[in-house]
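Asker: Here you go, sequence then predicted model.
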Amino acid sequence: MKIVVDENMPHAVELFAEFGEVIPLPGRQMQARDLLDADVLLVRSVTRVNGDLLATSPKLGFVGTATIGTDHVDNALLASRNIPFFSAPGCNKYSVGDYVLSALLVLAERYELDLSAMTLAVIGAGNTGECVAGKAEALGMRVLRCDPPRARDNP
């Protein structure tokens, strides 16, 4: 099995080597010729997975992205070719939550702030936003969530 991965996916070679030959390539420069005999394609958001990229990849049987977003992937094309696709929603939620938490604690110490008397606005209440909100609430903060798409979908 030939697995083409974005070279900026940490530890991808080590993680997938037992399943086949892992070919790390620059995600921004991947081209159709790189996928001629690829069975698996693993990308990040910098790689446009579209008809141009997949023009000469008859063996391709799986596409995955190490991102939550999927706007860089032509899902309809993959579906028409019966190629399964998976993204990674929530993949960085703990890192972002921990970063925001540490930034809040540094600011509280530096400026002698009482975080439990403050309000935090979280824009986007998906996986990452909810993780951040939960950590802020654990500090006793009041949290306001703003997520227009979610509000529109759940009136």
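Answerer: Arrived safely, thanks for sending.

Asker: Which stretches in this protein count as helices?
Answerer: 12-16, 75-80, 93-111, 127-138, 148-153 (DSSP state H).

Asker: Next, the angle helix 93-111 makes with the fourth one.
Answerer: Put plainly, it is helix 127-138. Helix 127-138 and helix 93-111 are oriented at 40 degrees to each other (axes from the mean of the first three to the mean of the last three CA atoms, to 10 degrees).

Asker: name the helices or strands packed onto helix 127-138?
Answerer: In terms of contacts (3 or more CB pairs under 8 Å, 6 or more residues apart in numbering; DSSP states H and E), helix 127-138 is packed against helix 93-111, strand 119-123, strand 142-146. From N, CA and C alone the C-beta is placed, and that goes for glycine too.

Asker: Quick check: which of the ones you listed is nearest to Leu60?
Answerer: Closest to Leu60 of the helices and strands packed on helix 127-138, according to CB to CB: helix 93-111, at 29.3 Å.

Asker: For that closest one, list the C-alpha coordinates in PDB.
Answerer: Extracted C-alpha coordinates of helix 93-111, given in PDB (Å, rounded to 0.1, in the frame of the first residue of the first chain):
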ATOM      1  CA  LYS A  93      -9.500  21.400  20.900                       C
ATOM      2  CA  TYR A  94      -7.400  20.500  24.000                       C
ATOM      3  CA  SER A  95      -4.300  22.300  22.800                       C
ATOM      4  CA  VAL A  96      -6.400  25.500  22.000                       C
ATOM      5  CA  GLY A  97      -8.200  25.200  25.300                       C
ATOM      6  CA  ASP A  98      -5.000  24.800  27.300                       C
ATOM      7  CA  TYR A  99      -3.400  27.700  25.400                       C
ATOM      8  CA  VAL A 100      -6.400  30.000  26.200                       C
ATOM      9  CA  LEU A 101      -6.500  28.900  29.800                       C
ATOM     10  CA  SER A 102      -2.800  29.600  30.200                       C
ATOM     11  CA  ALA A 103      -3.100  33.000  28.500                       C
ATOM     12  CA  LEU A 104      -6.000  33.900  30.900                       C
ATOM     13  CA  LEU A 105      -4.000  32.800  33.900                       C
ATOM     14  CA  VAL A 106      -0.900  34.900  32.800                       C
ATOM     15  CA  LEU A 107      -3.100  37.900  32.200                       C
ATOM     16  CA  ALA A 108      -4.800  37.500  35.600                       C
ATOM     17  CA  GLU A 109      -1.500  37.300  37.400                       C
ATOM     18  CA  ARG A 110       0.100  40.200  35.400                       C
ATOM     19  CA  TYR A 111      -2.800  42.600  35.800                       C
END
